[in-house]
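A.B. asks: this is a predicted model, with the sequence first.
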Amino acid sequence: MTTQTLGLEQNLYDYLLSVSLREPEILTQLRQETAQYPIGRMQIAPEQGQFLALLVQLLGAKKTLDIGVFTGYSSLVVALALPRDGKVVACDVSEEFTTIARRYWQQAGVVDKIQLHIAPALETLDRLLATEETETFDFAFIDADKSNYDGYYERSLQLVRPGGLIAIDNVLWSGKVADPQVQDNRTKRIRAFNEKLHQDQRVSLSLVAIADGLTLALKK
Ligand SMILES: C[S@@+](CC[C@H](N)C(=O)[O-])C[C@H]1O[C@@H](n2cnc3c(N)ncnc32)[C@H](O)[C@@H]1O
């Protein structure tokens, strides 16, 4: 079973998938392998991956950022949607997870499109900014540790071009953001982040209720 879109009844979710999901076999295999790990739920949902691919096509993107790789689904789905000369700069701290990712990228024939950086993502993004890659990216997907979301967002905003898109995952945080009883630090950080983006006039905004909540911020 896949991570279900928040608040959607199982039968409606199954229907949605049955009439819209066009998941390539390689992504299905990656999803099945990842589901065997206890933390497999960190993976994005397949319809969300397909949505990211559509956004990338819509933007005519060539150069993208993937912040939080895990076993490689988001990097792979985006790489498959990019043109031959497209590039994904992928950031993660885990050799273990990204070894699985690399195996699938290789099998899918897109490993040359994906440049993996094993380091804290803030450091990688700062290096990109220092090497004059400011406003050269078309798309960024933020899905790493929630404590650094604001830092990832601010750096991504500098790295994407005007008209470029930043997609931020897990902004509904399993519904905890809307429950006043929940006051742990991570939930409070996500609430503060959502409130900040609501007011941020540097971007056009939409919070899409897909999977665990996906905010789209289009740089003006
Ligand atoms: C939710 S998972 C990403 C899921 C992935 N987008 C996918 O499609 O399957 C979060 C990832 O962020 C990574 N991560 C955690 N802290 C990080 C940091 N400071 N810098 C870079 N990556 C980090 C974790 O190792 C983990 O693989």
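C.D. replies: Good, I have the coordinates.
A.B. asks: can we go C-alpha only for contacts and neighbour counts from here?
C.D. replies: Noted.
A.B. asks: report the central residue of this structure.
C.D. replies: Taking C-alpha atoms, centre = their mean, the centroid of the chain lies closest to residue 141, which sits 3.7 Å from it.
A.B. asks: any idea how far residue 5 is from that residue?
C.D. replies: 18 Å (C-alpha to C-alpha, to the nearest Å).
A.B. asks: just residue 167 next, same as before
C.D. replies: Taken as C-alpha to C-alpha, the span from residue 167 to residue 5 is 16 Å.
A.B. asks: higher neighbour count, those two?
C.D. replies: Between residue 167 and residue 5, counted using other C-alpha atoms under 10 Å, residue 167 has the larger neighbour count: 22 against 19.
A.B. asks: partners of the more buried one in the sheet?
C.D. replies: residue 141, residue 216 (DSSP bridges).
A.B. asks: show me what contacts it?
C.D. replies: Contacts were defined as C-alpha atoms under 8 Å, 6 or more residues apart in numbering; by that measure residue 167 touches 139-142, 214-217.
A.B. asks: go again using 10 Å as the cut-off
C.D. replies: The contact partners of residue 167, by C-alpha atoms under 10 Å, 6 or more residues apart in numbering, come to 52, 55, 66, 139-143, 153, 156, 206-208, 214-218.
A.B. asks: among those, which are within reach of the ligand?
C.D. replies: Counting by C-alpha under 6 Å from any ligand atom, residue 143 from the contacts of residue 167 sit close to the ligand.
A.B. asks: and the contacts of residue 167, which of them are buried?
C.D. replies: Buried subset of these (neighbour count, 16 or more other C-alpha atoms under 10 Å): 52, 55, 66, 139-143, 153, 156, 207, 214-218.
A.B. asks: can you pick out the most distant pair from the residues you listed?
C.D. replies: Greatest spatial distance among those (C-alpha to C-alpha): 66 and 207, at 19.0 Å.
A.B. asks: hmm, the residue nearest to the centre of the chain is touching residue 73, no?
C.D. replies: No - using C-alpha atoms under 10 Å, residue 141 is not in contact with residue 73; the gap is 11.9 Å.
A.B. asks: show me what contacts residue 170?
C.D. replies: 42, 44, 142-144, 146, 190, 209-215.
A.B. asks: no no, residue 71
C.D. replies: So residue 71 contacts 30-31, 33-34, 40, 42-43, 94, 96-105 (C-alpha under 10 Å, 6+ apart).
A.B. asks: quick one: low-confidence parts of the protein?
C.D. replies: 1-4 (pLDDT under 70).
A.B. asks: can you tell me the SS state at the residue of it most remote from its centre?
C.D. replies: In the chain, residue 181 marks the outermost C-alpha relative to the chain mean, sitting 28.0 Å out by C-alpha atoms, centre = their mean. Look at residue 181: counting by DSSP: H, G, I helix; E, B strand; the rest coil, its state is coil.
A.B. asks: got the phi/psi numbers for residue 92?
C.D. replies: Residue 92 adopts backbone torsions of phi -160, psi 160, taken as degrees, to the nearest 10.
A.B. asks: closest one of the buried ones among the contacts of residue 167 to the ligand?
C.D. replies: The ligand has its nearest neighbour among the buried ones among the contacts of residue 167 in residue 143, at 5.2 Å by C-alpha to the nearest ligand atom.
A.B. asks: thank you kindly, that will do.
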